[in-house]
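>>> predicted structure and sequence below. I'll ask about it afterward.
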Amino acid sequence: MVCIYCNGKTKVINSRYTPKRAATWRRRQCLKCGAAFTTRELVDYESSLRVMDSTGAMRPFLRDKIFVSLHKSLSHRQTSLSDAQALTGTIISNLLNHPHKGVISTKEVIGNTKEVLSKFDIAAYTHYSAHHPD
């Protein structure tokens with residue numbers, strides 16, 4: 001990684017993995033100018049995973065689709081944005097815990113989302129279920 005200020009080489013001075021977001025946070029320091037800045041390394045789900053729908057068609061895995069549907073379902077809560085972010089991470093972690101060789105069915109995504117929502121907020125679960133039938 002090069003410095004964002006002077007293009008010099010950098011070293012990592014602190015690093016933390018965030019499992020809910022499947023991301024690594026790093027604090028870097030430039031060896032040339034001494035400036036420090038933060039980077040985040042995220043998994044590129046869109047190019048790594050595919051979702052197979054009921055017809056067998058394959059589509060890229062889009063984290064944002066899960067997030068948006070959760071945010072809509074949680075819109076009655078004042079903390080809908082932060083709740084949707086946290087739940088998205090939980091759902092993705094759950095999906096990745098099952099062997100799938102890079103392919104996840106739409107049914108798995110919907111089922112897992114319903115399971116997580118049913119334990120978190122019954123109104124959000126009801127809203128999501130109305131828009132995502134089995």
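Perfect, I can see it now.
>>> what's the lowest-mean-pLDDT helix or strand in the chain in contact with?
For the chain, using mean pLDDT, DSSP states H and E, the weakest element among its helices and strands is helix 45-48, scoring a mean of 82. Outside helix 45-48, the residues that touch it by CB atoms under 8 Å, 6 or more residues apart in numbering are 60-63, 92, 102. Placement of C-beta: from N, CA and C, glycine included.
>>> tell me how far Thr126 lies from Thr18.
30 Å (CB to CB, to the nearest Å).
>>> please disregard the earlier target; I meant Phe37.
Using CB to CB, one gets 18 Å for the distance from Phe37 to Thr18.
>>> do the same with Thr113
21 Å.
>>> same question for Met58.
From Met58 to Thr18 the distance is 29 Å (CB to CB).
>>> so where does the closest residue in space to Thr90 that isn't next to it in sequence fall, helix or strand?
Spatially, and ignoring its direct neighbours in sequence, Thr90 is nearest to Val116 (5.7 Å; CB to CB, 6 or more residues apart in numbering). According to DSSP states H and E, Val116 maps onto helix 106-120.
>>> who touches the helix or strand just after that helix?
Proceeding N to C from helix 106-120, the next assigned helix or strand is helix 122-131, under DSSP H and E. By CB under 8 Å, 6+ apart, the surrounding residues in contact with helix 122-131 are 69-70, 72-74, 76-77, 113-114, 117-118.
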